[in-house]
Every structure is written in structure tokens, then in C-alpha cells.
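[1] coords please:
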Amino acid sequence: MRVALLPVVSLHSARCIGYEAVLVDGSDDTGSAQGLQPLFVQAAAAGVLPDITVEVFRLALHAFVQCPRWEEHRLFVSMDVRVLGCSDRLAPQLGALMESCGVDRGRVVLALEAHGPVRVCDEAMEGLNALRAVAGRVAISHFGTGSSGLLLLFLANPDYIQLDRFFITGGLSSSRRRIFLGHMVNLAHLLGVRVMARGVETEQEYLACREAGLDLVQGPLFGAESDRCCPDMEQVLARARDINARDRRRAETDQDLVQARITRIPPIPEDAQLADVLERFRLDSTHTFFPVVSRDGEPLGLVREQTLKNYVYAPYGKELLSNKGYARQLRDFLWPCPVADIRTSAEKILEIFSADEDSEGIIITADGCYAGFLSARSLLRLLNEKNLAVARDQNPLTRLPGNTMINAYMARVMEDSQSSWCVVYFDFDGFKPFNDTYGFRQGDRAIVLFANLLVRDLRRDDVFIGHIGGDDFVAGFRNISPEMVLERVRDLTACFRRDVESFYDPDARRNGYIVASDRNGTRQYFPLLSASAAVVHIPQGAGGRCCDHLAETMARLKSEAKSAPDRIVVACLGEPVRRASVPLATMPEPVFPE
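    Okay, here's the model as predicted:
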């Protein structure tokens, strides 16, 4: 039996924060890596699970201390929850192994594996506390697939959760996966728990994890099968930094706004004596709570003055807290606090904060380390500043993003070669005659109607909607198939054509046309309002061109769409125009009188 170490990489800084121990199947260096759960199942069946756990722990520690600068990293070691019942003899053995290898408490993360129902009892929780006292950190492995994941999250108070690979497969192409993943990440951050994705294989999955707000990743992306046992850390981190540098979406963060609003409340180290904490509150009357951090600067929660007051005001309470021999430690008085990375959007921070009505605010981290605290008042000011900045570029009629944000979005589309994009240009047909006949107020109503339909029918994750001005709109879709985009566009334009008929008088609705002057002043027959759509597909890897090329393509397609039977044309960037690839009903043309 051999154990290999896989690097655990921060999604925010592309820095290796530790290693995860995995079992290597084979006797040579080309053996494939696999999880430890199959081994634990066999060991439990043979009645030797505690012994196997100690042996895996020993092998992992010996491999860990051979890594360069291992003192700055963490070691993730899986452990079956069934060993919690025998922690009375397991904890001393693990502690002795850590001492013999010179590994301090807090460097090891015990990743609990539970693929079946967990028997919750006081003995199991006491066992978990005993093991945590030795290692210092606890994680829940394969979170989201077992029958007891939420139960362990509630009872074990973990420092990390390791999501099962199922939720990141395919770069989160499924909207259901994105919804589930988003809620799991929000729940974890609300409890101050860091989230790690296991088994990341592709750059697309890596970027999807970044976008979903995860903190850490581990997987084959950072090491091929043949070199998993001895990962080249310089090569691993160079690859992660390269991916982050090419991910242009990082430029859209609210980091500068958040940085300007956070308060650096001096934190308290987790190993501080309770007497020192009480003295800190006595000397600093401006704060009713302080963040508590680990030796590496990771936030663990808050210690509240009110919590300690319950002991201080009790008979002999202050003497007990000041007694170094008292069994209670600072960690026993921690209050969970929501956590968000400094690169998180202001809206996401508000979402995390608002989910906990008892929260004092939210802890802000930079690469997992405490960076400051954002109070409720500061968060409101932050959101107000961002809303003012967005409002300056919004179209005043529809409140949709205006040309500045549209241009920035188009630049991002053309720079991103890792995603597939569809950009749609919408333009009304016959808007001037309608506006001249019924007045600008009715014309504005038609524009607002279309904008509302865009938001209602198209706005999803990875969809951008902008208002260029007048009756011109644009929509962008990322990683959505052209066929699905065409279907949505078809439904949208059909709905607009149907709803806008109510803006006409009864005769016009009955005839299907109005009589108005064209741009040259000649009286003509004009059909009722409709919308044309020019769809430009930009396949993955086709980016890197100038935005002007995309703008020219959309302008050319817009005029061609007006003469198409269904008012929709499609083109792949750099290829000839074609009709929609899904059957579309042609638009009925009115019969004008002779």
C-alpha cells in the first residue's frame, strides 16, 4: 500500500495551500491514484479499520514532511466516520505520529468519509472532538452525495467541505448543477466553512468552480496519472496562475469597493487564553466582538463579549475563565460568522450576509486569510456606491445596461477563447411609422415592453442583456448551444409580436397594417411592429479578434434579418449567413389593398 499526495490549490491566488493523501494502486510510479474509501470498506469488513486508519495516517505524514516547505501547508487525510467510536485509542496514536514527524496541531485536516447513514450519538461527537483536538481541523468528504452530509455539516462544525465531483462535471453545463452548487457554497460560507472541489480535470471545470465561488480545487488538472505521486509544484502553480491570468472575468470583481469599506478589526489568535480575551474586551470598549483566526490567519468565527459575560457574571465565573487549567478553550466560545472572499461581488456578499439574521456582519478574506470585517452599515454603503456607478450607464427608459457596459461585455466575449458565445442583436421592424402615428409615449411603451420580455424570457445565469438605445437591444449567451439560443429568440420575438398588437387601434389590428409616411414623406402601408434578430455564434477557441469585427458582423446581419421570412438570421463568426437550424414558422405578411 502506497500513499501519494495531490496538491490542493487556491482558486483565488493559484497558491498551493496543502496536499490530499490518496491511495496509489500499483507498485511502480505509474500507478493510478484513487480514493481511500474502498480500502476503508474492506478494512471495516475485516475488523481492522482503526489499524488501517493509523497506517494510512503514518504513510501520509511521512510523505508530507518530504514536500518542500511543508511547514506552510496542510495535509488532508481521509478517515471513515466509523472510527469515531474508538477515538479513545486512536487519538493518542495519531498524536504520537504527528509528534514524531514534527507536524504541529492545525497542519492536518481529517476528512470524514460517510457513504452511508451516520449513527449520531454523544460518543461519536466526543470522539470527533478528541480527534479534532489532535489534528486541529476537520473536513467533510464527498459532500452532497452521501445520506448524512447535511447532518455532519450541522453537528461536526467542519472547517472545510469537499464537494463530490458530480457537481462540477462538464464545467457546470447543467443549470440544475449550477443551482445546487450555488446553494451549497452559500450555505458553507454562511457557516464560515471553506469549499473545495475534488477531481477537477479540465480548465473549464476550474473556471466554473471559480465562478461559483469555491475556494479550493484538487484534481488531475494539476498532475497527470504518471506523475501524481510526485507533483512538480512549480509546474502546477504556473498552470493555475496562467488560467487565472486568462480568465478576464476577474476584472469584474468589486474588490476595490470592498477593500475601501472593510474595517481591519485586530483578530484574536485561536490559542489565546480566555483571561487575555477578557482583558482585550476591557481595554477596547469600542468593539463588542473580535474575529478569531488560526495561526495561519484563517478566520474561525467571532468571540462575542455577551457570550463571555454569562460566565463573568456567574459566581466564580471570571476565576474559572482565568484558570489556565480550566477545560474550556477559546474555540468553545466561537460564534459562526459568514465569510466571503474579497473578490466576491457586492450582490453575492449581501446574499450571504442576509441569510443569517443574527450576523454582526461578514468576515472578508484574501486567499483564505482574514483581511477585515464588513459591517451591515458598510455593506449598505458599498452597495449604494456600486448602484450609483451602474445607474450612470443604465438606459434611463429601460434601466438596462447601456453602451459602456455593452462595449466592456463585447470586449470580454472576444477575449475569452475558453467559452462558447452567442450574441444576438435585436431591432424593431417598422418602429418609425408606429412612433409617428401613435406618438413617442406609445413608442416608449413598446420599447419597455420588449425590454421586460427580454428580462423575463432570457435572463438566466450566463446571459447578458443591454439596451443600445432606441429600439436596438443586444443579448449575450455564454456556453449555451446556438440551437437553444435560437429557440429562445424565436419564442421572444413571437411573444412581442403578439403582445404589441394591443398598442394599435382596432382597425389596424383587424387589417394587420397601418398607413404612414416613410422617411421620404411618401405614404405607404406598414405591417404591425415586429422584431428582427441577428444571431452571431462564436465557438470555443474562436475568440481573440477585435470587437470591431463582431460589431461589423452584427450590423451586416441586422439588415439581412429584416428581409428573412422569420426575421431571424444566424452566422458563425467568419462564416456565411444561414437560416436558423431549427424549424421556425414564417411570419404572416399582411395583405395590403391595391
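[2] could you measure the residue most central in space within the chain against residue 201, distance?
    Taking C-alpha atoms, centre = their mean, the centroid of the chain lies closest to residue 212, which sits 1.5 Å from it. Residue 212 is 16 Å from residue 201, where distance means C-beta to C-beta, to the nearest Å. (C-beta placed from N, C-alpha, C; glycine too.)
[3] Next: residue 243.
    13 Å.
[4] Also residue 166?
    In terms of C-beta to C-beta, residue 166 sits 13 Å off from residue 201.
[5] So for those two, which residue has more residues nearby?
    Neighbour count, other C-beta atoms under 10 Å: between residue 166 and residue 201, residue 201 has more, with 15 against 12.
[6] Using PDB, list the CA coordinates for stretch 58-65.
    Extracted C-alpha coordinates of stretch 58-65, given in PDB (Å, rounded to 0.1, in the frame of the first residue of the first chain):
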ATOM      1  CA  ARG A  58       1.500   7.300   9.100                       C
ATOM      2  CA  LEU A  59       2.200   6.900   5.400                       C
ATOM      3  CA  ALA A  60       0.600  10.300   4.700                       C
ATOM      4  CA  LEU A  61       2.600  12.100   7.300                       C
ATOM      5  CA  HIS A  62       5.900  10.600   6.100                       C
ATOM      6  CA  ALA A  63       5.100  11.700   2.500                       C
ATOM      7  CA  PHE A  64       4.000  15.100   3.700                       C
ATOM      8  CA  VAL A  65       7.200  16.000   5.500                       C
END
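[7] in that stretch, what's buried?
    58-61, 63-64 (16 or more other C-beta atoms under 10 Å).
[8] Can you give the distance of that stretch from its chain's centre?
    33 Å (C-alpha atoms, centre = their mean, to the nearest Å).
[9] any idea what sits nearest residue 287, other than its immediate chain neighbours?
    residue 265 (6.3 Å; C-beta to C-beta, 6 or more residues apart in numbering).
[10] now that neighbour, what's its secondary structure?
    coil (DSSP: H, G, I helix; E, B strand; the rest coil).
[11] For stretch 558-577, list every residue counted as buried.
    558, 561, 564, 566-573, 577.
[12] which secondary structure element contains residue 306?
    helix 305-312 (DSSP states H and E).
[13] quick check: mean pLDDT across that helix?
    Mean pLDDT, helix 305-312: 77.
[14] Likewise for stretch 282-291?
    For stretch 282-291, the mean confidence score works out to 90.
[15] If you count neighbours, what's buried in that stretch?
    289-291.
[16] returning to what we had before: quick check: neighbours shared by residue 166 and residue 201?
    Overlap of the contact sets of residue 166 and residue 201 (by C-beta atoms under 8 Å, 6 or more residues apart in numbering) is empty.
[17] picking that back up, count of residues packed around the residue lying closest to the residue nearest to the centre of the chain once chain neighbours are set aside?
    Once flanking residues are discounted, residue 212 sits nearest to residue 181: 5.1 Å by C-beta to C-beta, 6+ apart. Residue 181 has 24 neighbouring residues, counting by other C-beta under 10 Å.
[18] Please tell me how far the closest residue to residue 81 other than its chain neighbours sits from residue 145.
    Nearest non-adjacent residue to residue 81, counting by C-beta to C-beta, 6+ apart: residue 114, 4.5 Å away. Per C-beta to C-beta, residue 114 is found 10 Å from residue 145.
[19] Same drill for those two, tell me which one is more crowded.
    Using other C-beta under 10 Å as the criterion, residue 114 and residue 145 rank with residue 114 on top: 22 against 14.
[20] how near is the residue nearest to residue 212 to residue 341?
    Taking C-beta to C-beta, one finds residue 181 at 16 Å from residue 341.
[21] again with residue 309
    33 Å.
[22] repeat for residue 304
    Residue 304 is 24 Å from residue 341, by C-beta to C-beta.
[23] the more surrounded of those two?
    Using other C-beta under 10 Å as the criterion, residue 304 and residue 341 rank with residue 341 on top: 25 against 17.
[24] Pairing partners for the more buried one in the sheet, please.
    Taking DSSP bridges as the rule, residue 341 bridges to residue 365.
[25] Would you double-check that residue 303 falls in a helix?
    No - applying three-state DSSP, one finds residue 303 to be strand, outside a helix.
[26] what's near enough to touch it?
    268, 277, 289-290, 292, 330, 333-335.
[27] of those residues, closest to residue 47?
    Proximity of the contacts of residue 303 to residue 47, judged by C-beta to C-beta, is greatest for residue 334, which lies at 37.5 Å.
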